[in-house]
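Chemist: Take a look and give me a structure for this.
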Amino acid sequence: MTASLKAIDGNADLPALMNDLAARARAAARVLSLAPTEQKNGALDAMAQAIRANAATILAANAEDVAEAKAAGTTSAFLDRLTLTPARVEAMAEGIEAVRAISDPVGVVTESWQRPNGMTIERVRVPLGVIAVIFESRPNVAADAGVLCLKSGNAVILRGGSDSFRSCRAIHDCLTQGLREAGLPEAAITLVPTRDRAAVGLLLSGLNGGVDVIVPRGGKSLVARVEAEARVPVFAHLEGVNHVYIDGAAKLDMAKSIVLNAKMRRTGVCGAAETLLIDRAAAGATLKPLVKMLLDAGCEVRGDADVQQADARVKPASEDDWDAEYLDAIIAAKVVDGVDQAIAHIHDHGSHHTDAIVTENAAAAEKFLNEVDSAIVLHNASTQFADGGEFGFGAEIGIATGKFHARGPVGVDQLTSFKYRIHGSGQTRP
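Modeler: I've put the predicted structure just below:
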């Protein structure tokens, strides 16, 4: 860490620093709200180029973060979320290009109608303003959040986790380079320049009206703190206690493919499956093969009595396992009596994030999709599609599990609000 950053860490003037960041972000937001699409796209082009040109610098910074995390004894799942590779850096650049290709939502008229008195009323998309994004471990969130906010005309204040501090700085340098090249204010994408945890509390306070929305992206404790302390609206990104339900009418080969991908493709992402539910009507044909497949792939299985009988390697599941987000190669498994019991289990133990059914029975699929109250529900597809890029959003700032304003992957459209524009010809109200 540089001497200047050491001075900021523990600086008694941290409130003044944070209020200044917010004031400059607010001024930048006014510029961005009026910036033409071509200028924003120019910045995004330059950012993607800068990410690629500085890949070695980003990877070197990340290597320091990873080494520090390893020395602290962090879990393998955490290290996977923290680690950048050349492929992941390239994916960041490609994600920026994908956001660049998305239509600019700002100024889009979503509805228009004429009143009997001749007035025309339009509903038009506008930016939210200044968004604070508080995230843990994953440094690529800095790029995703920064470019999504830019494309949607918002300024953003990024507060990454202490573990990814160096990585985030290296990525942020590339983003500010793109802003400079496009003639946009650097304060449009601000990275909190300190690991001081007090900075989070100041962001949650709203910084005297400097922050309009907070997006927490991290573990349960972070989201709980944000929801408890925030004095401004929150796009809650709760933990992904995600389920895959294997219905009695499921095809075994499809079930195996989906379950293995949903759990093991990347265990540390919020879209990973954490609980496997198997219809008793299908258990005779699917239970043993599915459990064996997971165990052979290196996944620990914690099951109820029925699942334990399928393989001696299965560990007993405790009540806590049904509510667990492992973010690791562990899955809880249970046999249920049909789709109604599966839905009831998800209602009692899920987190309203992402849940899937595997079945060839159209009625069962429709019932599951209609009655499971989650932001994302899938039929015959992996839960790992819970991702803004996979939705065609280019990237995401998080998966919102609440019900107000935004739900599911939060992309550029979800980072806008609206206002009404009224065109008259001298009308007055009688």
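
Chemist: Quickly list the domain ranges of the protein.
Modeler: 9-235+410-422, 242-385 (automatic domain parsing).

Chemist: Just tell me which of those ends up closest to Gly392.
Modeler: Gly392 lies closest to domain 9-235+410-422 among the domains of the chain, at 8.2 Å (CB to CB). Heads up, the C-betas are built off the backbone N, CA and C, glycines and all.

Chemist: Let's test this: mean pLDDT of the closest one, rounded?
Modeler: The average pLDDT within domain 9-235+410-422 is 94.

Chemist: Report the distance from that domain to the chain centre.
Modeler: In terms of CA atoms, centre = their mean, to the nearest Å, the centre of domain 9-235+410-422 is found 12 Å from the chain centre.

Chemist: so who does Arg115 touch?
Modeler: Ile121 (CB atoms under 8 Å, 6 or more residues apart in numbering).

Chemist: follow-up on the earlier one: Arg429 is nearest to which of the domains of the chain?
Modeler: domain 9-235+410-422 (8.8 Å).

Chemist: Look through this protein and tell me its longest helix.
Modeler: Selection of the longest helix in the chain by residue count, based on DSSP state H, yields helix 14-34.

Chemist: What residues of it count as buried?
Modeler: Buried positions in helix 14-34, judged by neighbour count with 16 or more other CB atoms under 10 Å: 14-15, 17-19, 21-26, 28-29, 31-33.

Chemist: can I get the domains of the chain in TSV with distance to Ala395?
Modeler: Listed next are these as TSV, based on distance: least, CB to CB, whole Å:
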stretch	distance to Ala395
domain 9-235+410-422	4
domain 242-385	14
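
Chemist: for these, which one sits closest to Lys403?
Modeler: Lys403 sits nearest to domain 242-385 of all the domains of the chain, at 8.5 Å, using CB to CB.

Chemist: Pull the distance from the closest one to the chain's centre.
Modeler: With CA atoms, centre = their mean, you get 22 Å for domain 242-385.

Chemist: What segments of the stretch 101-250 of the chain are strands?
Modeler: For the stretch 101-250 of the chain, the strands defined by DSSP state E, counting those that start in this stretch occupy 109-114, 120-127, 130-135, 155-159, 189-191, 213-217, 242-246.

Chemist: again, but for the stretch 251-400 of the chain
Modeler: Applying DSSP E, counting those that start in this stretch to the stretch 251-400 of the chain gives strands spanning 273-279, 300-303, 315-316, 330-336, 354-358, 376-379, 399-400.

Chemist: which other helices and strands contact the third one?
Modeler: Applying 3 or more CB pairs under 8 Å, 6 or more residues apart in numbering; DSSP states H and E, one finds that strand 315-316 makes contact with strand 300-303.

Chemist: Over to the first one?
Modeler: Packed against strand 273-279, as judged by 3+ CB pairs under 8 Å, 6+ apart, are the following elements: strand 242-246, helix 252-264, helix 280-296, strand 330-336, helix 338-349.

Chemist: Next: the second one.
Modeler: Counting contacts by 3+ CB pairs under 8 Å, 6+ apart, the secondary-structure elements packed against strand 300-303 are helix 280-296, strand 315-316, strand 330-336.

Chemist: After the longest helix of the chain, heading C-terminal, what element do we hit next?
Modeler: Where DSSP states H and E defines the elements, the next helix or strand beyond helix 14-34 is helix 37-53.

Chemist: Could you pull out the buried residues of the following helix or strand past that following helix?
Modeler: Per DSSP H and E, the first helix or strand lying C-terminal to helix 37-53 is helix 55-71. Across helix 55-71, burial judged by 16+ other CB under 10 Å covers Ala55, Ile58, Leu59, Ala61, Asn62, Asp65, Val66, Ala69.

Chemist: Please apply the same query to stretch 200-214.
Modeler: Going by neighbour count (16+ other CB under 10 Å), the buried part of stretch 200-214 is Val200, Leu202, Leu203, Leu204, Ser205, Gly206, Leu207, Gly210, Val211, Asp212, Val213, Ile214.

Chemist: How about stretch 117-127?
Modeler: Neighbour count says stretch 117-127 has Val124, Arg125, Val126, Pro127 buried, by 16+ other CB under 10 Å.

Chemist: just stretch 228-245 next, same as before
Modeler: Of the residues in stretch 228-245, those buried (16+ other CB under 10 Å) are 230, 232-245.

Chemist: Relative to Ala101, which of these is nearest.
Modeler: Phe235 (23.6 Å).

Chemist: could you list every residue that touches that closest one?
Modeler: Val213, Ile214, Val215, Ile397, Gly398, Ala400, Gly402, His405, Ala406, Val410.

Chemist: same question, Glu325
Modeler: Taking CB under 8 Å, 6+ apart as the test, what Glu325 contacts is Lys220, Glu239, Gly240, Val241, Glu274, Ser351.
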